[in-house]
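In: Turn this into a structure:
(one chain, ligands or ions: 1)
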Amino acid sequence: MVKEKIISAYELIADKYDELIDHKPHNAYYDRPNTLALLPDVRGKIILDAACGPGKYAEILIGKGAIVKGFDISPKMVELAINRNKDKGEFFVHDLSLNFSMIEDNSCDIVLCALAMHYIEDWTNTIKEFYRVLKNTGILVISIEHPFFEYNFFKSKEYFGIENVKCTWKSFGRPVEVNSFRRPLYECIAPLTDNGFYIDKLVEPKPTVEFEQLDPKHFKELNEFPAFMCIRAVKKSTDG
Ligand SMILES: C[S@@+](CC[C@H](N)C(=O)[O-])C[C@H]1O[C@@H](n2cnc3c(N)ncnc32)[C@H](O)[C@@H]1O
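Out: The predicted structure is shown next:
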């Protein structure tokens, strides 16, 4: 099954991922600054970090005064998130595609899901769960692989479909095959707007200057064509 392959891949690279995450250009100087810029002041806010990986986002958010709960499907990633954040935050193993039964209705100010939605084939239940756990007018911020980038990168012939795709990552020690699901732009927006959210802001990010020194080739490419997309969605008011 695709899900088992995704878990195995992340279990294999988790330690190296954790070691590199602070300064890996696509994360540190492309995804994170652009995604974090979509969050409001997080001081005192309750944040669910869905698919938290080794807890780098959580570390930053806790450092800014947020109360963070995070989960990930990879037990190794969760262990690393706990180690990175010591006794701060709360981290557990859970699957993004299942109900978040451990999180109460209307209990989170913000849900963050960075670079993980492409591991889910059908977004509907996940988005419904984000909606359920968010407080009225709560904020959902997601970063995803840009659908046009994926269409080109995976040389797709069926733009309108949702396809299982795979590629080999070589920058985490040994090469590892990573499966994910490519989808058209419509399938990134409709699950949100059909399930109680409005899109407040959509960003096609540019890398920061630090990226250029570490990886000039990709810096040039990312200034010509986006690889990621960041979305801020708001839970529509239930007050009528
Ligand atoms: C690219 S990493 C991003 C980690 C973190 N959000 C960050 O940006 O630093 C993707 C993460 O998604 C997790 N993941 C993949 N499928 C998942 C699922 N079905 N449920 C929860 N986590 C999942 C992986 O284990 C991995 O830690």
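
In: drop to CA atoms for contacts and neighbour counts, all remaining ones
Out: Fine.

In: what bridges to the residue most central in space within the chain?
Out: Residue closest to the average C-alpha location in the chain (Cα atoms, centre = their mean): residue 114, at 1.6 Å. Beta-bridge pairing for residue 114 (DSSP bridges): residue 143.

In: I'd like the distance between it and the ligand.
Out: Using Cα to the nearest ligand atom, to the nearest Å, we find residue 114 at a distance of 4 Å from the ligand.

In: So that residue sits against residue 142, correct?
Out: Yes - using Cα atoms under 8 Å, residue 114 makes contact with residue 142 at a distance of 5.4 Å.

In: and for the two, which residues touch both?
Out: Residues touching both residue 114 and residue 142 (Cα atoms under 8 Å, 6 or more residues apart in numbering) are residue 35.

In: ok, now which ones touch the residue nearest to the centre of the chain?
Out: Each residue near residue 114 by Cα under 8 Å, 6+ apart is listed here: 35, 50-52, 141-144.

In: Also within reach of the ligand: list those from the residues you listed.
Out: Restricting these to those near the ligand by Cα under 6 Å from any ligand atom leaves 51-52.

In: Now the contacts of residue 114 in JSON lines, please, with extra columns for pLDDT and neighbour count.
Out: Shown next, in JSON lines, are these (pLDDT from 0 to 100; neighbours: other Cα atoms under 10 Å):
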{"residue": "35", "pLDDT": "98", "neighbour count": "23"}
{"residue": "50", "pLDDT": "98", "neighbour count": "26"}
{"residue": "51", "pLDDT": "98", "neighbour count": "25"}
{"residue": "52", "pLDDT": "98", "neighbour count": "27"}
{"residue": "141", "pLDDT": "98", "neighbour count": "24"}
{"residue": "142", "pLDDT": "98", "neighbour count": "22"}
{"residue": "143", "pLDDT": "98", "neighbour count": "26"}
{"residue": "144", "pLDDT": "98", "neighbour count": "19"}
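
In: Could I get the contacts of residue 114 in JSON lines, plus columns for distance to residue 66?
Out: Formatted as JSON lines, these follow (distance: Cα to Cα, whole Å):
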{"residue": "35", "distance to residue 66": "16"}
{"residue": "50", "distance to residue 66": "15"}
{"residue": "51", "distance to residue 66": "17"}
{"residue": "52", "distance to residue 66": "15"}
{"residue": "141", "distance to residue 66": "15"}
{"residue": "142", "distance to residue 66": "18"}
{"residue": "143", "distance to residue 66": "19"}
{"residue": "144", "distance to residue 66": "23"}
